[in-house]
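Peer 1: Using only what follows, build the 3D model:
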Amino acid sequence: MNLTLHSRIQEFALIIAHIRASNAQNQETDPELEIKSFRERLAQLISEHKNLYIVGNGGSAGVAAHAVTDFFNVAKIRATTLHESSLLTCMANDFGYEHAVAKMLGQLLNPGDIVIAISSSGNSMNMRNAAIISREKKAFVLTLTGFSSDNPLRSLGDINIWLDSCDYGFVEVGHQFILHNIADRLNKNLIG
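Peer 2: You can find the predicted model right below:
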């Protein structure tokens, strides 16, 4: 593996250039059209005073926290993460870690809210259960994954964005890049 900066930049550019998207029926769709559609859904969320929840584990929780800052500050969306340590550890202790975020979302979600579930591998039971309860609660779900193209989380969203890489660094930075791009598009809409 060549880890020179130039080589990594070229590899990352190829991953981003080949983003793939699918819908709730697991049909491949145009990523740009899905991102535009999601931006419109977020604009509707703002006008209806609904909430955006962005969730992930580990590095993906870091991506989620950064994205919440962008959506809250730049796009003026009521956005939050669900990894406050006391609450998260309480839910994990009482219900098992694989159900922790789903239990919180089950109490918080209202129809029309949006959940972004992030998992580099798409194998996290915590994120899969979060997506399932979100759909049951009539929230709109966007998943961001990488690694295997048939990972389980990739089939649970209304929109599913997948990056063709098994490199955590590329997948996490790619997810951050996508979320930043969406927040930036909303900001341009808000300021003219």
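Peer 1: can you map out the helices along the chain?
Peer 2: For the chain, the helices defined by DSSP state H occupy 5-17, 31-47, 59-69, 85-95, 100-108, 125-136, 168-191.
Peer 1: Just send those helices back as CSV, with distance to residue 159 too.
Peer 2: In short, each C-beta sits where N, CA and C put it, glycine included. As requested, the helices of the chain are exported to CSV (distance: least, Cβ to Cβ, whole Å):
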stretch, distance to residue 159
helix 5-17, 17
helix 31-47, 5
helix 59-69, 15
helix 85-95, 26
helix 100-108, 18
helix 125-136, 11
helix 168-191, 11
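Peer 1: Can you tell me which of the ones you listed is nearest to residue 53?
Peer 2: Comparing the helices of the chain by their distance to residue 53 (Cβ to Cβ), the top pick is helix 100-108, with 6.4 Å.
Peer 1: now, of the helices of the chain, which is deepest in the fold?
Peer 2: Mean neighbour count (mean count of other Cβ atoms under 10 Å) peaks for helix 125-136 among the helices of the chain, with a mean of 22.
Peer 1: Chain neighbours aside, what residue packs nearest to residue 186?
Peer 2: The spatial neighbour of residue 186 that comes closest, neighbours along the chain excluded (Cβ to Cβ, 6 or more residues apart in numbering), is residue 75 at 3.8 Å.
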